[in-house]
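Novice: Sharing a model that was predicted from the sequence below.
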Amino acid sequence: MLHDVSLTVAKGRLTSLVGVNGAGKTTLLRTAAGLVMPAEGRVFFRGEDVTREPAHARARRGIALVPEGRQLFASMTVRENLELGATPLRGKPDEIAHNLARAFELFPRLQEREQQRAGTLSGGEQQMVAVARGLMASPAVLMFDELSLGLSPTLTRSLFETLRTLKAAGQTMLLVEQNVHLALAASDDAYVLSEGRISGRRDCGASRGPAGAPWFVAVT
């Protein structure tokens with residue numbers, strides 16, 4: 001449960017949310033994505049109140065979530081899972097094709113396995129699919145729930161390099177991560193969540209550029 005939480009994600013920056021298990025991090029992301037409706041408070045996106053909008057409407061606005069546990073369709077191929085991520089872009093085949101090419105550029109291994117069933121991939125490869133699927137809809141803000149959960153240190157470092165690449169390209173991101181040291185090193189801003197409340201905020205300074213304007217604000 002969350003209490004009086006106020007969190008802002010600035011455009012073009014990587015913001016991390018850290019805290020112990022059970023602090024409410026996943027609940028906050030699910031509330032921001034429209035999967036949980038708050039009893040009180042509001043969620044703003046690009047200055048508009050989206051609190052009562054369902055998840056699919058927020059996805060069309062550009063809010064994407066890479067969930068904990070990946071939640072892929074195991075019997076479907078890598079390519080089919082990625083194409084599902086592009087559902088909000090239905091009717092825009094050129095943009096979908098561009099995003100698919102970009103996903104394969106970020107994760108060449110996925111192109112090698114694009115016709116392989118997702119359930120037969122390794123854990124690291126499945127996480128690559130989950131991240132790439134989140135990018136398929138050209139999200140304005142991309143949220144990650146426990147990016148490195150269950151992955152080897154080598155794969156974890158590789159995924160964090162991908163985050164840096166995305167940030168350099170201007171992608172706005174909100175990261176929930178158990179590896180605090182890696183999260184803070186990669187982030188521009190960070191919040192600490194404790195027992196459902198924001199207990200601290202830190203400017204991590206990973207970016208040398210100025211902070212962007214407030215882009216995504218969740219208040220619950």
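Specialist: Good, I have the coordinates. Residues are numbered from 1 along each chain as shown.

Novice: okay, CA-based contacts and neighbour counts for the rest of this
Specialist: Will do.

Novice: Let's test this: name the helix or strand in the chain with the lowest mean pLDDT.
Specialist: Across the helices and strands of the chain, mean pLDDT, DSSP states H and E gives its lowest value to strand 214-219, namely a mean of 52.

Novice: And the residue lying closest to residue 20 once chain neighbours are set aside, its phi and psi?
Specialist: On the basis of Cα to Cα, 6 or more residues apart in numbering, the spatially nearest residue to residue 20 that is not a chain neighbour turns out to be residue 194, at 7.2 Å. With angles defined as degrees, to the nearest 10, residue 194 sits at phi -140, psi 120.

Novice: for this protein, what are the low-confidence residue spans?
Specialist: Low-confidence segments of the chain, defined by pLDDT under 70: 205-220.

Novice: where exactly do the strands run in it?
Specialist: Counting by DSSP state E, the chain forms strands over residues 6-10, 14-18, 42-45, 48-49, 63-66, 141-145, 172-176, 189-194, 197-203, 214-219, given from the N-terminal end onward.

Novice: which of those strands sits most buried?
Specialist: Burial of the strands of the chain is given as mean neighbour count (mean count of other Cα atoms under 10 Å); strand 14-18 ranks first at a mean of 27.

Novice: That strand - which strands sit beside it in the sheet, and in what orientation?
Specialist: According to DSSP bridges, strand 14-18 has the following sheet partners: strand 172-176 (parallel), strand 189-194 (parallel).

Novice: Name the residues linked to the residue most central in space within the chain by a beta bridge.
Specialist: The chain has residue 143 as the residue nearest its centroid, 2.0 Å off, counting by Cα atoms, centre = their mean. Residue 143 has the following beta-bridge partners by DSSP bridges: residue 65, residue 174.

Novice: what about the residue nearest to residue 119 when sequence neighbours are not counted, distance to residue 41?
Specialist: Taking Cα to Cα, 6+ apart as the measure, residue 119 lies nearest to residue 74, with 3.9 Å between them; neighbours along the chain are not counted. The gap separating residue 74 from residue 41 is 37 Å, by Cα to Cα, to the nearest Å.

Novice: now swap in residue 71 and tell me
Specialist: Taking Cα to Cα as the measure, residue 71 and residue 41 are separated by 28 Å.

Novice: Those two: who's more crowded?
Specialist: Set residue 71 next to residue 41 and count neighbours by other Cα atoms under 10 Å: residue 41 wins out with 14 against 11.

Novice: Residue 82 against residue 136, yeah?
Specialist: Yes: in this structure, residue 82 sits in contact with residue 136. The criterion is Cα atoms under 8 Å, and the distance is 6.6 Å.

Novice: overlap in contacts of those two?
Specialist: Common neighbours of residue 82 and residue 136 are listed as residue 100 (criterion: Cα atoms under 8 Å, 6 or more residues apart in numbering).

Novice: Mind giving me the packing neighbours of the lengthiest helix in the chain?
Specialist: Longest helix in the chain by number of residues, with DSSP state H as the criterion: helix 153-168. Helices and strands in packing contact with helix 153-168 are listed as helix 180-186; criterion 3 or more Cα pairs under 8 Å, 6 or more residues apart in numbering; DSSP states H and E.
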